[in-house]
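> whatever this is, show me its structure:
(2 chains)
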Amino acid sequence: MANQRTNVELDRLALDQKFNARKFFLKWEWLLVVILLAILGVNISASGGSFLGPQFFGSTNNFMDKSFLVLSMTFVIILGEIDISVGSTVALSSVLMAVAYNAGLPMGASLVLCLLVGTLCGFINGVIATKFKELPTMIITLATMIIYRGIANILLEDRAAGGFPDWFQNISWGTVGPVPYSLIAFLVFAVVFGIVLHKTRFGRELYAGGNNRIASLFSRVKVDRNLLIAFTLNGVMAGVCALFLTSRMTSTRPNVASGYELEAIAMVVLAGVPAIGGKGNISGVILSVFIIGYLRYGLGLFNVTAPVMSIIIGLLLVGSVLISNFFLNREKKLKVR
Amino acid sequence: MKKKWLCSLLVVMLLAFTLAACGGGEDKDADSDAGADTDQVAADGDVSGKTFAIVAKNTGNPYADKENQGFEDAIAEAGATSIVRAPEQPTAEGQIQIIEELIAQGVDSLTIVGNDVDALQPVLEKAMDAGISVSSADSGVNPDSRQVFVNQAGTTEIGVALTDAVLDLTGGEGQFAILSATSQATNQNAWIDAIKELLESDSKYANLELVKTAYGDDLRDKSVSETEALLQSYPDLKVIVAPTTVGIAAAGKVFTDKNLAGKVELTGLGLPSEMAEYIDNGVCKYMFLWNPIDVGYLAGQTAIALASGTITGAAGDQFSAGRLGDYEVVSAADGGTEVILGAPFKFDTSNIAEWKSVY
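Numbers count the residues shown, from 1 in each chain, chains lettered A, B, ... in the order given. Presented below is the predicted three-dimensional model:
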């Protein structure tokens, strides 16, 4: 367990936080800033400058729906766990909302139902994960991923459901000036998640649980409760994602949001959160959302085909993991004499 | 230290690669910018310099590849630029993103093979508001989301092809039955009605007797048992027509198992890949479906006609579609308008080997 740090070490890390210029600028986030600026630069030149217009904000609409998942996924991954059921949760929330609305439920209540279904799905994941610790969360959420999508398939088969009132479309297509509602919502959520992660006891306990679960338990950290909350939050955000996604398409079908879980995990990994947890911060997550989102959009402007696009994003991920493991973390490695 | 340099190198390579990947397209983009300028002076009907995009259902789909190929041929003939895009998964959200990118690029025309009838409406309306001519092909979108739909299969044409096939296979007289999908299926019911109408109105079909329309619900096992029931109830049955790909394949299996080749004939609408076996073993002499290359080609020609102002998408508009001849825009059943490709494509022993690997 070489990667686990003792709580004494953690305390020392906390004490160490006086400003150190070299350390500050060697941070992962600065590399992300550079990558983001490069992508923005290319996008601007590609669009002949028009990217700086309303497009700059408008294009975020393409990736804002999945970005909600990234925030809560960060919590789960910092805990050293994983949740691959969120894509299916989005589909189930969205399908149930449409089915309920078409069965006569008022639109407002359907929206609430959508959030509730997402929350419940996440809560179920969390309960299983805390009650059956011998099961890895990868396996638990693999199972619920299949189950949630399965229920959505039973409800709608291969049909689409929609017919929502016109105003519903505005949630995702509406803007304040040039800024879409979804971007504003994302930024608000990002600030809230950032405060929770970096300024509260719960946030510090997440890092502690991810770094060394056993030591955290002995330090009276409620590891199980935190895990349950993290998974439930993931469900809530899946519900939020379902709202925006459904509104964007004005209809839904059981195969929506397929692959969203992997895109969300990819964004978290690019943000510098290691899969074993215990590290990472929200500013990196926000940066990586915009990096992958704008990169995809930019490649789209050049009509790069979907498989090539995946290869480029895959390379970006592999490169980022390599760099964060070998380059930026090297001083934390054990020295063998 | 060595690793540090290795990683620095990786970062630089990564950035260079990203930039190169993007930079590669820059020239093309400059071209289309220049093209946009010539739009103003282009005479009516001349579309060289314009950009035509088609958004297919998903990547890695051989049927869609053929369709895209036809589209590109049509655009290339007109001397214009074509863009072929498709999401990785056959989802509406993937198509929405691609359409947004195409709008941002300022393409002149957009042809969509929809993954959903209604979900693309907001983004396609946005495209039309941006002055892009929008048509759909093969798999339609709702009438509010398009100017015209390129329909691969006209109801009457399919009715005529199937009834003529029965006439040919029965030798001019005798009993035949239809094995359809569900009793609610819109397109199958339209084709069956067309067959019934032909039987009544045209005297050359006078000696054909439609004994029953069975419904296999597009389920493999139900189609099998319905086929067996038809064969038992009507011992004099000469032909079964299955205007559904699931039904015709299920019937092909029953005919093969019962060794009915030459005793009872089978025809209808089928997928070459599924039907190759039954065409090769003689159970099904020939069957029909549309040619995806022609669907794509007509979609391209329709897009050109729309972008050049030759047609507006209103019923009654006429245009010339290159090697396919002249076409007219007609009213569609869903309230919009459509262009119908024409008679379906015939698959028999002479061409099935070529098509079975395609779709």
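> tell me the SS of the closest residue to residue B:48 other than its chain neighbours?
Distances taken as C-beta to C-beta, 6 or more residues apart in numbering or on different chains put residue B:79 closest to residue B:48, at 3.8 Å, once the chain neighbours are dropped. For the C-beta atoms, the positions are set from N, CA and C on the backbone; glycine is no exception. Assigned by DSSP: H, G, I helix; E, B strand; the rest coil, the conformation of residue B:79 is coil.
> around residue B:79, count how many other residues there are.
Residues near residue B:79, counting by other C-beta atoms under 10 Å in any protein chain shown, number 11.
> next one: the closest residue to residue A:173 other than its chain neighbours from residue A:139, what distance?
Distances taken as C-beta to C-beta, 6+ apart place residue B:122 nearest to residue A:173, at 5.6 Å, with adjacent residues excluded. With distances taken as C-beta to C-beta, to the nearest Å, residue B:122 is found 39 Å from residue A:139.
> higher neighbour count, these two?
More neighbours surround residue B:122 than the other of residue B:122 and residue A:139, with 19 against 13 (other C-beta under 10 Å).
> list the contacts for that one?
A:169, A:173, A:248, A:249, A:250 (C-beta atoms under 8 Å, 6 or more residues apart in numbering or on different chains).
> the fourth one contacts residue B:94, doesn't it?
The reference is to residue A:249. No: counting by C-beta atoms under 8 Å, residue A:249 stays clear of residue B:94, with 10.9 Å between them.
> ok, the two, which is more surrounded?
For the pair residue A:249 and residue B:94, the greater number of neighbours falls to residue A:249 (28 against 22), based on other C-beta under 10 Å.
> report the central residue of the chain.
In the absence of a named chain, chain A is used. residue A:70 (0.9 Å; C-alpha atoms, centre = their mean).
> chain B is the one I meant
Centre-nearest of chain B using C-alpha atoms, centre = their mean is residue B:138, 3.4 Å out.
> spatially nearest residue to that residue (excluding sequence neighbours)?
residue B:113 is the one closest to residue B:138 (C-beta to C-beta, 6+ apart), at 4.9 Å.
> buried ones in stretch B:63-80, by neighbour count?
For stretch B:63-80, the neighbour count (16 or more other C-beta atoms under 10 Å in any protein chain shown) marks B:63-68, B:70-75, B:78, B:80 as buried.
> quick one: which of those sit in helices?
B:63, B:64, B:65, B:66, B:67, B:68, B:70, B:71, B:72, B:73, B:74, B:75 (DSSP state H).
> so how far does stretch B:328-336 reach from one end to the other?
Its start and end residues considered, stretch B:328-336 measures 14 Å (C-alpha to C-alpha, to the nearest Å).
> contacting residues around it?
Contacts to stretch B:328-336, defined as C-beta under 8 Å, 6+ apart, come from residues B:140, B:142-143, B:146, B:148-149, B:151, B:186, B:190, B:311, B:313-318, B:337-340.
> show me what contacts the residue in the stretch 101-250 of chain A positioned nearest to chain B?
Residue nearest to chain B within the stretch 101-250 of chain A: residue A:249 (3.7 Å; C-beta to the nearest C-beta). Residues in contact with residue A:249, defined by C-beta under 8 Å, 6+ apart, are A:162, A:256, B:92, B:93, B:96, B:116, B:119, B:120, B:122.
> hang on, the earlier thing: in TSV: the buried residues of stretch B:63-80, plus distance to residue B:248.
As requested, the buried residues of stretch B:63-80 are exported to TSV (distance: C-beta to C-beta, whole Å):
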residue	distance to residue B:248
B:63	17
B:64	22
B:65	24
B:66	21
B:67	22
B:68	26
B:70	24
B:71	28
B:72	31
B:73	30
B:74	30
B:75	34
B:78	37
B:80	39
